[in-house]
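*Asks:* Just a sequence and a predicted model for now, questions to come.
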Amino acid sequence: MRSFKVLLLVSALAVPSWWGFEARIPRHWHPWQPLTVDDPLTPVTRWKLRRLGDDPEGCLAALGTAPDDDLRVTPLDDHEPVAGCPLENVVRVHRAGVTFNASFVATCPLALAWTLYERHRLQPAAEAHFGTGVAHVVHYGSFACRGIYGREEGRPSEHATAEALDVATFRLADGREVSLQRHWEDDGARGDFLRAARDGACDLFGSVLGPDYNQAHADHLHFGMRGFRLCR
């Protein structure tokens, strides 16, 4: 009985102590606090993104924390645009802080990961290397009902579930273009920027693949949500 009373006393003292400690954890480090696009990036951010894959309402709420003029997306119902490739928890991205050559369908976590990446990594990298930001992005698409490397059979690609975006070219606010195909091997600012753009994505996306990975990615960066820090 004495031991039981001691346990109760310790528990009673520990609960308010934990609540007080939890209240002092910054939101961007707290695993159970909602994610917002202006939160500083931490190792917890990637975990929060993965958790939103099963929380469409929470993911849309996180997207809603972006300024209205920085992001325009349309939530979509779950649907199966091609037999065998159903899409869940998806949105259509019309623009982010940048404009795109075309709108694209993406899982909500992918759209959110791109928004975070653009604000916290891509634009700072552009400012550091060129003194101006990225205004426009040319991509090769997000959804394609296929296997990896375009095969009709075998393991489904991340594109089969709209969990990946392939980016080919960045256009700066002053009109200059930076292309994966033309500038990856450059020794100057363009090449340095492209490698920084890849490296800066690695702790947000599950897989970031570019020209150093294989010939299939020689002309684009693949930003995918699956996996864990495959970055080449």
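*Replies:* Ah, there it is.
*Asks:* where exactly do the strands run in the protein?
*Replies:* Ranges of strands in the chain, per DSSP state E, are 72-76, 79-82, 85-87, 90-95, 99-107, 134-141, 164-172, 177-179, 207-209, 221-224, 230-231.
*Asks:* could those be laid out in JSON lines, adding mean neighbour count, mean pLDDT and distance to residue 60?
*Replies:* For every residue, glycine as well, the C-beta is placed using N, CA and C. JSON lines is the format used below for these (neighbours: other C-beta atoms under 10 Å; pLDDT from 0 to 100; distance: least, C-beta to C-beta, whole Å):
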{"stretch": "strand 72-76", "mean neighbour count": "16", "mean pLDDT": "96", "distance to residue 60": "6"}
{"stretch": "strand 79-82", "mean neighbour count": "12", "mean pLDDT": "94", "distance to residue 60": "17"}
{"stretch": "strand 85-87", "mean neighbour count": "17", "mean pLDDT": "95", "distance to residue 60": "15"}
{"stretch": "strand 90-95", "mean neighbour count": "20", "mean pLDDT": "98", "distance to residue 60": "8"}
{"stretch": "strand 99-107", "mean neighbour count": "18", "mean pLDDT": "98", "distance to residue 60": "12"}
{"stretch": "strand 134-141", "mean neighbour count": "18", "mean pLDDT": "98", "distance to residue 60": "22"}
{"stretch": "strand 164-172", "mean neighbour count": "21", "mean pLDDT": "98", "distance to residue 60": "18"}
{"stretch": "strand 177-179", "mean neighbour count": "17", "mean pLDDT": "98", "distance to residue 60": "32"}
{"stretch": "strand 207-209", "mean neighbour count": "23", "mean pLDDT": "96", "distance to residue 60": "24"}
{"stretch": "strand 221-224", "mean neighbour count": "24", "mean pLDDT": "97", "distance to residue 60": "20"}
{"stretch": "strand 230-231", "mean neighbour count": "16", "mean pLDDT": "86", "distance to residue 60": "27"}
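*Asks:* Can you tell me how far the spatially most central residue of the chain is from residue 63?
*Replies:* Among the residues of the chain, the one closest to the centroid is residue 113, at 2.0 Å (C-alpha atoms, centre = their mean). Plainly put, residue 113 is 11 Å away from residue 63 if you go by C-beta to C-beta, to the nearest Å.
*Asks:* May I have the residues that are in contact with residue 172?
*Replies:* By C-beta atoms under 8 Å, 6 or more residues apart in numbering, the residues touching residue 172 are 126, 130, 132-135, 178.
*Asks:* Is it bridged to anything, and to what?
*Replies:* Beta bridges link residue 172 to residue 134, judged by DSSP bridges.
*Asks:* and the gap between it and residue 193?
*Replies:* Residue 172 is 9 Å from residue 193, by C-beta to C-beta.
*Asks:* Pull up the overlap in contacts between these two.
*Replies:* In terms of C-beta under 8 Å, 6+ apart, residue 172 and residue 193 are both contacted by the residues 126, 130, 178.
*Asks:* need the contact list for the last one.
*Replies:* Contact criterion C-beta under 8 Å, 6+ apart gives 169-172, 190, 193-194 as the residues in contact with residue 178.
*Asks:* repeat that for 6 Å
*Replies:* Residues in contact with residue 178 (C-beta atoms under 6 Å, 6 or more residues apart in numbering) are 170, 190, 193.
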